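Asker: predicted model follows, preceded by the sequence.
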Amino acid sequence: MAADDDLADVARVLAGEIAAFENIVRRWQGPLVNLAYRFCRDRGRAEDMAQEAFLRSFRALATWRKDGAFSTWLFALATNLYRTELRRIPVNTLPLRDATSIAEVLAADHEDRDRAVRDAVYTLPTKYREAMILFYFHEMNVEQAARTLGLPEGTVKARLSRGRDILRGKLPRLLTLTKFREAL
């Protein structure tokens, strides 16, 4: 079980067996890189951000209060780092009007539809985008997303709802614009 393995590896690292941290990295590298990628959509940058998250977690390992899952602590640390990094050097986002059109989405295969939805989510304001990424793309529940973002659950629920409302409001206009362009 990962939680037991995490606890054992953390104890070994804190006891001076630094090589035990490699087990933590192996176990969580994929998920942290995937999370970072969902924030920045650049594989190289995501790998660099995940590496920095591991470095910071190593340095702060003694601050983990074992009252919660290690993974929750690690993901919260990583998410805060990713958010800070993206404020420092923002991702180039597309305006919603430049995102894939709904007509193209409806005609596209499943993979293209997923990509179009992700592109549309990336056009949302940061506070809604972060909640949507964690909840929908990283498949965290509201409680986990709230802990990761350091927000009350109600705030996360509100941001998810508002994010969905923004997408619902803009996507029909995008479809209308596409139909207008096709008519020309």
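Answerer: Right, received. Where do you want to start?

Asker: helices of the chain, start to end?
Answerer: For the chain, the helices defined by DSSP state H cover 2-14, 21-40, 43-60, 70-88, 102-107, 110-121, 126-132, 142-149, 153-183.

Asker: what residues are up against residue 10?
Answerer: Contact analysis of residue 10 by CB atoms under 8 Å, 6 or more residues apart in numbering lists 24, 61, 64, 70. Yep, even glycine has a C-beta here, placed from its N, CA and C like the rest.

Asker: sorry, back to before: just send the helices of the chain back as JSON lines, with mean pLDDT too.
Answerer: Converted to JSON lines, the helices of the chain look like this (pLDDT from 0 to 100):
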{"stretch": "helix 2-14", "mean pLDDT": "92"}
{"stretch": "helix 21-40", "mean pLDDT": "93"}
{"stretch": "helix 43-60", "mean pLDDT": "93"}
{"stretch": "helix 70-88", "mean pLDDT": "90"}
{"stretch": "helix 102-107", "mean pLDDT": "47"}
{"stretch": "helix 110-121", "mean pLDDT": "67"}
{"stretch": "helix 126-132", "mean pLDDT": "90"}
{"stretch": "helix 142-149", "mean pLDDT": "90"}
{"stretch": "helix 153-183", "mean pLDDT": "71"}
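
Asker: got the domain ranges for the protein?
Answerer: The chain breaks down into these domains under automatic domain parsing: 2-88, 96-183.

Asker: quick revisit: between the contacts of residue 10, which has the most around it?
Answerer: For the contacts of residue 10, the largest number of neighbours (other CB atoms under 10 Å) sits with residue 24, at 23 neighbours.

Asker: and residue 150, how far from residue 130?
Answerer: Separation of residue 150 from residue 130 (CB to CB, to the nearest Å): 11 Å.

Asker: out of the contacts of residue 10, which comes closest to residue 49?
Answerer: When the contacts of residue 10 are compared for distance to residue 49 (CB to CB), residue 24 wins out at 16.8 Å.

Asker: wait, the closest one sits on residue 9?
Answerer: Yes. Between residue 24 and residue 9 there is a contact under CB atoms under 8 Å: 5.2 Å.
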